[in-house]
Structures are given as C-alpha cells and as structure tokens.
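K.L.:
Okay, sequence plus prediction incoming.
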Amino acid sequence: MTQDAIERAIEQAWDALVATARRTVTDGLVVGTSGNVSVRVGDLILVTPSGVPYDRLTPADTTAVDLDGTRLRGTLTPTSELPMHLEIYRHTPAGAVVHTHAVHATAVSTLVTELPPIHYMTAALGGPVRVAPYALYGTDELAENMLRALDHRTGCLLRNHGTVTYGDTLDQAYDRTAQLEWMCRLWLTATSVPGHTPTLLSPGELHQVAEKLRGYGQAHRP
C-alpha cells in the first residue's frame, strides 16, 4: 500500500470513528464526553481524545497510538480508557472498540455478575454477558478485569461503569453495544413485574441460535 493510500485509509477511518462517537451521544448511550471509541488501521489505533466534545472533532484532531500506547499522531491526549482499548487489540482480532455509559446496562452491572440470557441475541455476543469487577477508570486493573470478562465474548459490562464491545468494524462494534443496552433494558423491564420471574434461554437453545447466526444476513450485496 502506498503512503497516499495509507493516509486516505486513516482519514476515512477517523471520519467513521468521529461519526460513531457522535452517534453514541445522539442515541443516548453516553453523556457529554463520557465513553470512547477506537478503530484499528494497520499498526495504528485511532482513538477519541480525552475530554473533547465529539461535535468539535475535526480531521486535524486525528489521534493515533501504537499497541504500546505511544502517541504517533496528533497533539491531543488519548482517552483515559486507552488501557482497555489496547488490551482488546492485543488479545483479540478486534478491528474496532466501543465503550459507553449506557443507562440500562450500567444499572444491570450493579445488580448481577452476569446478564441472564433473556433473549436469543445473547448468542451474538458469544454467550451470557459477564460483569467485570469494579476498578478505577483508566487503570490497568480495570483493563485486566475487562479482558477476563471478555473471554470468548465480544462484549461485557463494567460494574458501576458501563459497557465495552468490539467487532471487525465500527458498525459491528456499535451494533453490539446497542444490542447489549437493549437486552439490559429488556431484562430490567421483565424483572420489574411483581410476582413474575422471566423465563431464560438454556445453553442448548443459545447454541442453536449461535449456529443459525453463522449464516445470517446477505451472502453478498450487489
């Protein structure tokens, strides 16, 4: 790939990252500058900067680090949650990561150690979603807790904090975040009905869904 092609790829990825970050605000998954988004382009990790409103970000604000966290592009300080993002890229094939403070998911993180399998889309995240134990934001301890919760999963909850999901693309990572928030809202709604306990899916039922999801969608798009 030529240098010009690399620069175009970085520019396009940054535009997509900013659009995704703004979407988390528009869809109510974060408030203000909370939450963060990253995407991988070759050996570079493009990441939202710390404390800058997403609607103010421009191409001139492109912020990128390597897998060691060394800043290679930009002058802005990367998100304080950089350790979480880097741990995912180091240990998974992730192409993008989305971290939010979604209300229902954060509420669930304070109630259980694992989101019960109340809907078949649990299988799309690899199985019942675990809750990573609480640790101070931006710390290696939090990143390590998150990584354990993500074992064989593409998303997890962070106790008293929020959510983390990853995917091959920004769209996939974002869709998983939105799906996780919806499942948490569903579980909270179902458990709020007095005198009733929601039914849950069995491991066998989730396995059936996982197998069927392998062929979900279009084989190709014209």
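P.N.:
Structure's in. What do you need? Residues are numbered from 1 along each chain as shown.
K.L.:
Look up how far I6 lies from the closest residue to L150 other than its chain neighbours.
P.N.:
Nearest residue to L150 in three dimensions, chain neighbours excluded: C156, at 5.2 Å (Cβ to Cβ, 6 or more residues apart in numbering). C-betas here are computed from N, CA, C, even on glycine. Distance from C156 to I6, counting by Cβ to Cβ, to the nearest Å: 32 Å.
K.L.:
who has more neighbours, these two?
P.N.:
Using other Cβ atoms under 10 Å as the criterion, C156 and I6 rank with C156 on top: 27 against 13.
K.L.:
Just to check, that one is in contact with V129?
P.N.:
Yes: using Cβ atoms under 8 Å, C156 is in contact with V129, at 6.0 Å.
K.L.:
ok so, going back, which SSE is the residue nearest to L150 in?
P.N.:
strand 155-158 (DSSP states H and E).
K.L.:
cool, and S38?
P.N.:
Judged by DSSP H and E, S38 forms part of strand 36-41.
K.L.:
and that strand, what's its mean pLDDT?
P.N.:
Strand 36-41 shows a mean pLDDT of 97.
K.L.:
Which other helices and strands does it contact?
P.N.:
helix 3-26, strand 44-47, helix 82-91, strand 96-100 (3 or more Cβ pairs under 8 Å, 6 or more residues apart in numbering; DSSP states H and E).
K.L.:
From the contact counts, what lies against the longest one?
P.N.:
Packing contacts for helix 3-26, counted by 3+ Cβ pairs under 8 Å, 6+ apart, involve strand 36-41, strand 44-47, strand 96-100, helix 170-191.
K.L.:
Next, format the ones you listed as CSV and append distance to P117 and mean neighbour count.
P.N.:
As requested, these are arranged in CSV below (distance: least, Cβ to Cβ, whole Å; neighbours: other Cβ atoms under 10 Å):
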stretch, distance to P117, mean neighbour count
strand 36-41, 27, 25
strand 44-47, 32, 24
strand 96-100, 21, 29
helix 170-191, 9, 20
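K.L.:
which one of the ones you listed lies closest to H119?
P.N.:
helix 170-191 (5.3 Å; Cβ to Cβ).
K.L.:
can you dump the C-alpha coordinates of that closest one into CSV?
P.N.:
Taking C-alpha atoms only, helix 170-191 is exported to CSV below (Å, rounded to 0.1, in the frame of the first residue of the first chain):
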residue,chain,number,x,y,z
LEU,A,170,-17.0,0.2,13.8
ASP,A,171,-20.6,-0.6,12.7
GLN,A,172,-20.4,-4.1,14.2
ALA,A,173,-18.9,-2.9,17.5
TYR,A,174,-21.6,-0.2,17.7
ASP,A,175,-24.4,-2.6,16.9
ARG,A,176,-23.2,-4.9,19.6
THR,A,177,-23.2,-2.0,22.1
ALA,A,178,-26.8,-1.0,21.1
GLN,A,179,-27.9,-4.7,21.3
LEU,A,180,-26.4,-5.1,24.8
GLU,A,181,-28.1,-2.0,26.1
TRP,A,182,-31.4,-3.2,24.6
MET,A,183,-31.1,-6.6,26.3
CYS,A,184,-30.3,-4.9,29.6
ARG,A,185,-33.4,-2.8,29.3
LEU,A,186,-35.4,-5.8,28.4
TRP,A,187,-34.2,-7.7,31.5
LEU,A,188,-34.9,-4.8,33.8
THR,A,189,-38.4,-4.4,32.4
ALA,A,190,-39.2,-8.1,32.7
THR,A,191,-37.9,-8.4,36.3
